[in-house]
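Enquirer: Provide a 3D model corresponding to the input given below.
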Amino acid sequence: MLPCHRPMTRRSRVPLVVALGAVLLAGCSSSSLVTSEPDEQASPDEAVSGAVECDPPPPMPSDVPTFRSTQAPSATAPDREDVVISTNCGPVTLTLNGADAPQTVASFLLLSEGDYWADSPCHRLVDGGIHVLQCGDPTGTGRGGPGYTFGIENAPADGRYPRGTVAMARSQDPESNGGQFFLVIQDTVLPVEGGGYSIFGTVTDGMDIVDYIADQGVDGGGTEGPPAQPISIVGIEIEQEASS
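Expert: Numbers count the residues shown, from 1 in each chain. Predicted structure coming up:
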């Protein structure tokens, strides 16, 4: 699922990359992906912006930091964190929900501050039944992880993941959350068997960038695979921290 690390202070910019991709299952082949039903389409005022421009993505990281299994964070995090992910296609702002997914948010902040995602490519786009962009694997393979794992938090009982949702990707094992996450492009329904997928935030600005990547399609065609327009994380800034 994930690997990468370099010290970084909070509220400072950190070089990072985003591996984006398909379904919520990290490191799974297309045949093992969960199918889902699209819900509502994006409204006209949320149409893809023609102003998005992408720079060439940075080279893949040659040395990805790893963490020990004992470094999995405890379930303690601010109720809310506003985080700006700088990508080669522009900034994407997330509001992280530490009140409902404290361990997931604590892990996201730990990996951000450890520069775990530096120069990570977005590795997977799925736009058929499921509509997601999967990120968070510095190896770009969909099988990388930070070295620790943890369990599911805040998974919707009805399996509905609205457009703009940020949730964790994982394998079939409900204790396999690590560093890979996905951004929901269109309202998506996922199976609830096995526990679902941890929702830990929302895209509050920059969905035009996510839409643009989706609009360019999958490299080589089809509905699942690396995005035709490469996208990588080049920096993360923690904008706001609120105490509980």
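
Enquirer: Check this protein for its longest helix and report it.
Expert: helix 102-113 (DSSP state H).

Enquirer: Please, where are all the strands along this structure?
Expert: Applying DSSP state E to the chain gives strands spanning 80-87, 90-97, 124-128, 130-135, 160-161, 165-168, 181-184, 188-189, 199-205, 224-225, 233-242.

Enquirer: list the buried ones in the third one?
Expert: To tie it back to what came earlier, the one meant is strand 124-128. 124-127 (16 or more other CB atoms under 10 Å). No exception for glycine: its C-beta is placed from N, CA and C like everyone else's.

Enquirer: I'd like to know which elements it is packed against.
Expert: The contact analysis (3 or more CB pairs under 8 Å, 6 or more residues apart in numbering; DSSP states H and E) places strand 124-128 against strand 130-135, helix 207-216, strand 224-225.

Enquirer: pLDDT weak spots in the chain?
Expert: Scanning the chain for pLDDT under 70 picks out 1-50, 240-244.

Enquirer: again, only using 50
Expert: 1-23, 27-49, 242-244 (pLDDT under 50).

Enquirer: Return the most buried member of the strands of the chain.
Expert: Per residue and on average, the most neighbours among those fall to strand 181-184, with a mean of 30 (mean count of other CB atoms under 10 Å).

Enquirer: by contact count, what packs against it?
Expert: Counting by 3+ CB pairs under 8 Å, 6+ apart, strand 181-184 packs on strand 130-135, strand 165-168.

Enquirer: Just put those strands in JSON lines and tack on distance to residue 214.
Expert: Converted to JSON lines, the helices and strands packed on strand 181-184 look like this (distance: least, CB to CB, whole Å):
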{"stretch": "strand 130-135", "distance to residue 214": "7"}
{"stretch": "strand 165-168", "distance to residue 214": "14"}
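
Enquirer: Ok, which of the helices and strands packed on strand 124-128 comes nearest residue 175?
Expert: Residue 175 lies closest to strand 130-135 among those, at 19.2 Å (CB to CB).

Enquirer: how big is the angle separating the closest one from strand 90-97?
Expert: Angle, strand 130-135 to strand 90-97, by axes from the mean of the first three to the mean of the last three CA atoms, to 10 degrees: 100 degrees.

Enquirer: List the pairing partners of strand 130-135 within its sheet, with orientation.
Expert: Looking at strand 130-135 with DSSP bridges, its partner strands are strand 124-128 (antiparallel), strand 181-184 (antiparallel).

Enquirer: Using PDB, write out every CA atom in the last one.
Expert: If I follow you right, that is strand 181-184. Output of strand 181-184 as PDB, limited to C-alpha atoms (Å, rounded to 0.1, in the frame of the first residue of the first chain):
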ATOM      1  CA  PHE A 181      -6.500   6.400  -0.100                       C
ATOM      2  CA  PHE A 182      -9.000   7.400  -2.800                       C
ATOM      3  CA  LEU A 183     -10.900  10.500  -3.900                       C
ATOM      4  CA  VAL A 184     -14.500   9.800  -5.100                       C
END
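
Enquirer: which other residues reach it?
Expert: 20-24, 92, 108, 131-136, 161-169, 197, 200, 203, 210 (CB atoms under 8 Å, 6 or more residues apart in numbering).

Enquirer: starting at the chain centroid, how far to it?
Expert: 4 Å (CA atoms, centre = their mean, to the nearest Å).

Enquirer: same thing with stretch 233-242?
Expert: Counting by CA atoms, centre = their mean, stretch 233-242 comes out at 14 Å from the chain centroid.

Enquirer: Many thanks, have a good one.
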